[in-house]
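Novice: give me a model of this one.
(6 chains)
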4 protein chains.
Amino acid sequence: MEKDSKGQIVEVALQLFGDHGMKDVSFNQVIKASGLSKGAVYHHFASKQELIKACVIAFWEKMTIEVINAPIEEMPLKDVLSFLQLKSSEIIQEGEQKNDSIFELYISMLFYVRKEPELIPIPKKYFGAFKDKLINCIKNDQKRGTIKKDISAETTALLILSAAEGHGLYTISCVLDDPQEELKNLLNQIYNSITI
Amino acid sequence: MEKDSKGQIVEVALQLFGDHGMKDVSFNQVIKASGLSKGAVYHHFASKQELIKACVIAFWEKMTIEVINAPIEEMPLKDVLSFLQLKSSEIIQEGEQKNDSIFELYISMLFYVRKEPELIPIPKKYFGAFKDKLINCIKNDQKRGTIKKDISAETTALLILSAAEGHGLYTISCVLDDPQEELKNLLNQIYNSITI
Amino acid sequence: MEKDSKGQIVEVALQLFGDHGMKDVSFNQVIKASGLSKGAVYHHFASKQELIKACVIAFWEKMTIEVINAPIEEMPLKDVLSFLQLKSSEIIQEGEQKNDSIFELYISMLFYVRKEPELIPIPKKYFGAFKDKLINCIKNDQKRGTIKKDISAETTALLILSAAEGHGLYTISCVLDDPQEELKNLLNQIYNSITI
Amino acid sequence: MEKDSKGQIVEVALQLFGDHGMKDVSFNQVIKASGLSKGAVYHHFASKQELIKACVIAFWEKMTIEVINAPIEEMPLKDVLSFLQLKSSEIIQEGEQKNDSIFELYISMLFYVRKEPELIPIPKKYFGAFKDKLINCIKNDQKRGTIKKDISAETTALLILSAAEGHGLYTISCVLDDPQEELKNLLNQIYNSITI
DNA sequence: GATGAATGAGTGTTCATTCAT
DNA sequence: TATGAATGAACACTCATTCAT
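Specialist: As a prediction, the model looks like this:
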């Protein structure tokens, strides 16, 4: 019997932000889409800024939970990289249909945080969780003897994440000819360079 | 003795876009900053869209020229990577002072192109030139015998660019603890994995 | 052990009105400042109008009590005029620090009453009390033989009050060069013209 | 063939301010009443503040011109006082019909200036012109031998103005029983006290 | 070719007030 | 009696754009 208008507004706003980009969605549009009145929305969020802040927080919390729940934990790195490729291709395909891909929203969310320094810990937590999972897999593989012992798990994890991130950006901007193939090559080269 | 008002307007607009972000600069602001009258600016650009398009084109042309002129051609890859690190730290430092870094503008420019498909070749040319230069360096090093011959120059170049790009994004979003150190580690790991 | 929320709300509202002007204080601000909930305040005052009306009444009652308690009764007129000067300079000094002086609120209260005719008796009572006190002093002085007997105490009292009031308005509006000196001259000229 | 939208807007705004009070007239109302579009009005006045400022200036300039043109110059003081009474009763009668009298606007204009110190010279000029005219009349009467020579023309002028001003305020606020009669008494008492 | 007055839909925000709980 | 979620008209202001001169 809960109403939780506040949560619903954030939900609706995130949807709109994902569809048209954060900068291109007006508060009025959010209000209209929420089905509530102007005053009601302002009752929950004193300004557009505050709504956006709530959305940014909700976005990163979702992302963090997604990472935490990702079934990566005990996988060998090989499978994790395949998992990353799969996810990436899903995002790419989704992005081709919509005007603004989830990736664009993701970047807006990063940039927004940059201007509200007190929010920095939030995406940092997401990023840290992601990196830690990768590091864990690499160390497990090192124990298993499939990955060289003198490789820094930390740096390797960051390399994988950065390469995937950069590749994502290049994909979005349409400068790559065959994004999926090229991502596979990228991750393969990294993987091959650290396996025994 | 041409006035080239058109070019001047683009120049002024790019300056404003760099300072406040493309979405946060109105046509009126550009007009005011240009010192020309409303009618005059509209005489050169029939709409804001057209001005933006001209700016996007000018931006990528500048970037491409910069890459083409970069003194990378005959360097060993080692030095090229140092050069990349230097550039990166320059951008980071600049970005710390301004609200919107050049990096943010760069990403806006990528995203804009995405929605105006006929412009795609323009950043693609920039990216291609960058990648070709790297490939060239790698191949030279392979000839010199400092880099393994069985490594794909193409994939390695893309790996370097992607990793740097992704690292830039992570830096901008303040999730890294020591961006410069981490970039060094990243590039070192790549370099070590391909040297003999 | 009564809470007298009603009185407290009026108190808070008067404070705000004095600080920012009656027109520039919203009902919401009063509610917030009162520390009560929206519903609670509306329970006491069915509308903003009613709250204002209560404030106007409270304001004039305070003013009336102040006049009634003023230690003027048995003073010679000479001292009363000095007393007026003192009060005036106090108000001026206070008004120089705040944005809205008590004088501005006083005038708003007068103007408000004008539009709610049933309230007219309230400031009239204040004004009457003030005038009566002055008349009394003048008549006493006439008995004492210090003031001419053929002078109308009524008109003289009104003259003093009007001159002081007008002078206050000129002071507030910054058109006088040396308000305090000029008030002294004003009252002296009146006083000299009626003394024997 | 001049359009002078700017002047027309000020005219319309002053009309509305006079009718409903400065604080109770919204920019939208001015825009609607002006017959122009929102953008057009904002083209001339960058903000409501600027429009108000222009109105304040225009108001005081009108008032100053009115004083300068008043046929007071060579009159004996007696007639000038009658003239003042006449003017006052005109204002009172007008004020009884409208919600907000010209007197209320006049006071708002004084108060506004108080918060924009660079405007202070403007009503000061009006006030100075008024006082100078009175002083002149008094000095002429002193030459003619109808007014005592040992009276300060300066103080007397200020006394007349203050008393009239204060009386106006009392009239507006409905605390007087017979404003016109009382003003006559007031001015008579002043006049009688300075005549030989 | 160049000017700037004019347009009107749109923005984010505030307001006094109502009403289900 | 008391709460605070909800309402919607109004507010000041910005925007990209048009067009008569």
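
Novice: let me see the contact set for A:L159.
Specialist: By Cβ atoms under 8 Å, 6 or more residues apart in numbering or on different chains, the residues touching A:L159 are A:I190, B:A163, B:L186, B:Q189, B:I190. To be clear about C-beta, it is placed using only N, CA and C from the backbone, and glycine gets the same treatment.

Novice: I'd like to know which of those are buried.
Specialist: A:I190, B:A163, B:L186, B:Q189, B:I190 (16 or more other Cβ atoms under 10 Å in any protein chain shown).

Novice: and the residues you listed, which two are the farthest apart?
Specialist: Spanning the widest gap among the buried ones among the contacts of A:L159 are A:I190 and B:L186, at 10.8 Å by Cβ to Cβ.

Novice: count of neighbours near A:L86?
Specialist: 10 (other Cβ atoms under 10 Å in any protein chain shown).

Novice: nope, A:L51 is what I meant
Specialist: Other residues close to A:L51 by other Cβ under 10 Å number 21.

Novice: verify the contact between it and A:E11 for me.
Specialist: No: using Cβ atoms under 8 Å, A:L51 is not in contact with A:E11; the gap is 11.6 Å.

Novice: lowest average confidence, helix or strand, in chain A?
Specialist: Here the helix or strand of chain A ranked lowest by mean pLDDT, DSSP states H and E is helix A:77-97, holding a mean of 87.

Novice: quick one: buried residues of it?
Specialist: Within helix A:77-97, the residues that qualify as buried are A:L77, A:K78, A:V80, A:L81, A:L84, A:Q85, A:S88, A:I91, A:I92, A:G95, counting by 16+ other Cβ under 10 Å.

Novice: and A:V67, how far from chain C?
Specialist: Look at A:V67 and chain C: by Cβ to the nearest Cβ, to the nearest Å, they are 41 Å apart.

Novice: which residues sit in contact with that residue?
Specialist: Counting by Cβ under 8 Å, 6+ apart, A:V67 has contacts A:Y126, A:A129, A:F130, A:K133.

Novice: low-confidence ranges in chain A?
Specialist: A:1-3, A:97-100 (pLDDT under 70).

Novice: show me where it has helices.
Specialist: A:5-20, A:27-34, A:38-44, A:48-69, A:77-97, A:102-115, A:121-144, A:153-172, A:179-194 (DSSP state H).

Novice: highest average neighbour count across those?
Specialist: helix A:153-172 (a mean of 23; mean count of other Cβ atoms under 10 Å in any protein chain shown).

Novice: convert the C-alpha atoms of it to PDB, please.
Specialist: Below are the C-alpha coordinates for helix A:153-172, written out as PDB (Å, rounded to 0.1, in the frame of the first residue of the first chain):
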ATOM      1  CA  ALA A 153      46.600  -8.100 -10.700                       C
ATOM      2  CA  GLU A 154      45.800  -4.500  -9.900                       C
ATOM      3  CA  THR A 155      47.200  -3.000 -13.100                       C
ATOM      4  CA  THR A 156      45.800  -5.800 -15.200                       C
ATOM      5  CA  ALA A 157      42.300  -5.200 -13.900                       C
ATOM      6  CA  LEU A 158      42.600  -1.500 -14.600                       C
ATOM      7  CA  LEU A 159      43.900  -2.300 -18.100                       C
ATOM      8  CA  ILE A 160      41.000  -4.500 -18.900                       C
ATOM      9  CA  LEU A 161      38.500  -1.900 -17.600                       C
ATOM     10  CA  SER A 162      40.100   1.000 -19.300                       C
ATOM     11  CA  ALA A 163      40.500  -0.800 -22.600                       C
ATOM     12  CA  ALA A 164      36.800  -1.900 -22.500                       C
ATOM     13  CA  GLU A 165      35.700   1.700 -21.500                       C
ATOM     14  CA  GLY A 166      37.800   3.300 -24.200                       C
ATOM     15  CA  HIS A 167      36.600   0.800 -26.700                       C
ATOM     16  CA  GLY A 168      33.000   1.600 -25.700                       C
ATOM     17  CA  LEU A 169      33.600   5.200 -26.300                       C
ATOM     18  CA  TYR A 170      35.100   4.600 -29.800                       C
ATOM     19  CA  THR A 171      32.200   2.300 -30.600                       C
ATOM     20  CA  ILE A 172      29.600   4.900 -29.600                       C
END
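
Novice: much appreciated, bye for now.
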